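S.K.: sequence first, then the predicted structure, then my questions.
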Amino acid sequence: MYDLIVIGSGPGGYIAAIRAAQLGMNVACIERYPTFGGTCLNVGCIPSKALLESSERFAEAQHHLGDHGIDIGEVSLDLETMQARKEKVVSSGTAGIDYLFGKNEVEGIHGWGTIVDANTVEVTDDDGETQSLETERILIATGSKPIALPNVEYDKKFIVDSTAALEFEEVPEHLVVIGAGVIGLELGSVWKRLGAKVTVLEYLPEILGGRMDSEVAKTAQRLFKKQGLEFVLEAEVTGAEVEDGTVTTTYKKDGEEQTIESDRLLVGIGRRPFTDKLGLENIGLETNDRGFIEVDEYYRTEVDGVYAIGDVIPGPMLAHLAEHEGAVCVERMNDIAGHVNYDAVPDVVYTHPEIASVGKTEAELDEAGVEYKTGKFPYKANGRARAINDTDGFCKILAHAETDQILGAHIIGAQAGDMIAELAVASEFHGSAEDIARSSHAHPTLAEIVKEAALDVEDRTLNL
Ligand code: FAD
Ligand code: NAI
């Protein structure tokens, strides 16, 4: 009899299993794939960041090393080696989870988990062998899957989701991407840098679909256009067909039907919660109208003893959020205080420049009728940004008009994903813009941009 069975070994599930074991629970973590780590480690965060890094270095060598007086002659691409490096990064991560499970005495079991009742999970392995496991509690951490366009099937070669777009063996000539969301922009950037023509079709009038502050999104679009990404906004894709290796994608724009041809089509229109063949019907647990499992603030479902976290519950689909929810969920099971402050969860897009945010956007504050002050500072006025030749972008801090509490922070620019951490911690502590402005920031660092933006909340920047 286990104290806890976790179904799914993504960042939500594996972290929950480890934390539960640390707290003395007897835990099993079930994963239907041959490696642990879920979407994030196997086909998501990690392989995409490996390719983003490699492609950025390629672009740097091609276009920018000359600015430093470094002449390396003609630069060529060895995609096979680039892909092999990515695979190594992934496999070292999945091996790391095997090690962590061993160290923490989590029993990792490979096979498809099906809930039979609130205390029984059946696991069926690839050979069809089934074992029945008894448990006090069940934690569902089964994650998400890409959404498909109606009438458009992924063939994994010409019409692909993010997983297949991480595996291309050749650089596409022309990659059409549906969706200017995170996947479209990150993977669009990878293949553009490696030499493809990239056209992004987006239903909304803005890229990053309201996920990021509008001023940041507009700046990002301008910078990506400069890098050669092409955008067709307010374009609703309605279908796609492949003939003789050419994909014809149909979309509606300005009330008219139009088509675009390419050799590859990447569909990045969002992800759906994954609860297929999980056996929710056996415990009478229904999903909401969008397929998510609803939970309370302690991640309890409406069925006693059954919990859920990560992409399978409503909220942003982010690896670090799934981890956080996983840890808090099992800590609450053990009567340890804990909560997730959803206003202090950073969100990062790993393009170049990076885009990062925490808390509310200006549009959200306007809609809620909250009075706020704005502080902003550009990268080009920062010494380190000039030294590293990376001067595009800015940091913007939104602070409450009366209390000065930080309500939102938005950065577009080099290392934005690391710089946002300071503002996430400040938000968690209900910190003020003045707290940041009065804290010492090393010189010369990009972090000084954050300090100057905080000073600008009171109109007192020192270097602009
Ligand atoms: P998942 O990671 O999806 O894991 C769920 C696991 O459950 C899977 O391994 C699945 O096989 C298993 N499973 C499902 N059903 C069963 C069953 N019945 N029995 C056994 N096992 C089962 N997020 C970020 O924060 N930063 C990023 O940079 C980032 N990059 C991304 C890039 C891409 C291309 C993609 C697709 C996603 C990215 N994400 C990123 C999102 C991130 O991957 C997810 O938010 C995160 O993986 C969710 O974690 P999870 O534990 O909820 O689920
Ligand atoms: P997304 O929700 O970020 O973007 C999808 C985009 O597709 C939206 O802008 C939407 O308007 C557009 N769209 C939908 N239907 C369309 C149609 N028919 N025609 C044209 N455009 C259409 O989803 P995405 O990029 O697929 O990412 C899925 C999830 O994965 C996200 O929730 C994200 O959190 C996660 N992820 C996170 C990353 C990160 O944190 N850096 C990186 C990659 C993915």
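M.R.: Yes, it's here. Ligands and ions are numbered 1, 2, ... in the order given.
S.K.: can you list the strands that the longest strand along the chain pairs with?
M.R.: Longest strand of the chain, by residue count under DSSP state E: strand 130-140. Partner strands and pairing direction for strand 130-140 (DSSP bridges) are strand 2-7 (parallel), strand 120-124 (antiparallel), strand 306-308 (parallel).
S.K.: the nearest residue to residue 154 once chain neighbours are set aside: what's it in contact with?
M.R.: Leaving aside its sequence neighbours, residue 154 sits nearest to residue 161 (C-beta to C-beta, 6 or more residues apart in numbering; 5.4 Å). The C-beta positions use only the backbone N, C-alpha and C, and glycine is treated the same way. For residue 161, the contact set (C-beta atoms under 8 Å, 6 or more residues apart in numbering) comprises 146, 148, 154, 266, 267, 268.
S.K.: pLDDT wise, what is residue 161 at?
M.R.: As predicted, residue 161 sits at a pLDDT of 98.
S.K.: and it, what are its phi and psi?
M.R.: Main-chain torsions, residue 161, degrees, to the nearest 10: phi -100, psi -170.
S.K.: now the helix or strand where residue 250 lies - C-alpha only, PDB.
M.R.: Using DSSP states H and E, residue 250 sits in strand 246-253. Extracted C-alpha coordinates of strand 246-253, given in PDB (Å, rounded to 0.1, in the frame of the first residue of the first chain):
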ATOM      1  CA  THR A 246       4.000  21.100 -50.500                       C
ATOM      2  CA  VAL A 247       1.700  22.300 -47.700                       C
ATOM      3  CA  THR A 248      -1.100  24.600 -48.700                       C
ATOM      4  CA  THR A 249      -2.500  26.500 -45.700                       C
ATOM      5  CA  THR A 250      -5.800  28.300 -46.000                       C
ATOM      6  CA  TYR A 251      -6.700  31.300 -43.800                       C
ATOM      7  CA  LYS A 252      -9.200  34.000 -43.600                       C
ATOM      8  CA  LYS A 253      -8.000  37.600 -43.600                       C
END
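S.K.: near ligand 2 at all, it?
M.R.: No. Using C-beta under 6 Å from any ligand atom, strand 246-253 stays clear of ligand 2, with a minimum separation of 6.6 Å.
S.K.: which parts of that strand are buried?
M.R.: 247, 249, 251 (16 or more other C-beta atoms under 10 Å).
S.K.: give me the residues contacting that strand.
M.R.: By C-beta under 8 Å, 6+ apart, the list of residues contacting strand 246-253 reads 158-159, 176, 178, 201, 232, 234-242, 257-265.
S.K.: and ligand 1, which of the residues you listed reach it?
M.R.: Okay, of those, nothing touches ligand 1 (C-beta under 6 Å from any ligand atom).
S.K.: among those, which ones are buried?
M.R.: 158-159, 176, 178, 201, 232, 235, 237, 240, 242, 260, 262-265.
S.K.: among the residues you listed, which are in reach of ligand 2?
M.R.: Okay, of these touching ligand 2 (C-beta under 6 Å from any ligand atom), that's 178, 201, 235, 237.
S.K.: which ones among those lie within strands?
M.R.: Per DSSP E, these map to strands at 178, 201, 237.
S.K.: make JSON lines from the residues you listed and add distance to residue 140 to it.
M.R.: Below are these laid out as JSON lines (distance: C-beta to C-beta, whole Å):
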{"residue": "178", "distance to residue 140": "30"}
{"residue": "201", "distance to residue 140": "34"}
{"residue": "237", "distance to residue 140": "32"}
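S.K.: ligand 2: which of those residues is nearest?
M.R.: Using C-beta to the nearest ligand atom, residue 237 comes nearest to ligand 2 of these, at 3.6 Å.
S.K.: so that closest one touches residue 176, yeah?
M.R.: No. Look at residue 237 against residue 176 with C-beta atoms under 8 Å: they stay out of range, at 9.0 Å.
S.K.: next one: the residue nearest the centre of the chain from residue 81, what distance?
M.R.: A centroid search over the chain (C-alpha atoms, centre = their mean) returns residue 318, at 4.8 Å, as the residue closest to the centre. To residue 81, residue 318 is 30 Å away according to C-beta to C-beta, to the nearest Å.
S.K.: one step back: list just the nearest of the buried ones among the contacts of strand 246-253 to ligand 1.
M.R.: For the buried ones among the contacts of strand 246-253, the nearest to ligand 1 is residue 178 (14.6 Å; C-beta to the nearest ligand atom).
S.K.: so who does that closest one touch?
M.R.: 149, 184, 201, 237, 249, 265, 266, 267, 268, 269.
S.K.: for the stretch 101-250 of the chain, just list every one of the strands.
M.R.: For the stretch 101-250 of the chain, the strands defined by DSSP state E, counting those that start in this stretch occupy 107-110, 112-117, 120-124, 130-140, 144-146, 159-160, 174-178, 197-201, 230-232, 236-243, 246-253.
S.K.: how about the fourth one: buried residues?
M.R.: For strand 130-140, burial by neighbour count (16+ other C-beta under 10 Å) applies to 133, 135, 137, 138, 139, 140.
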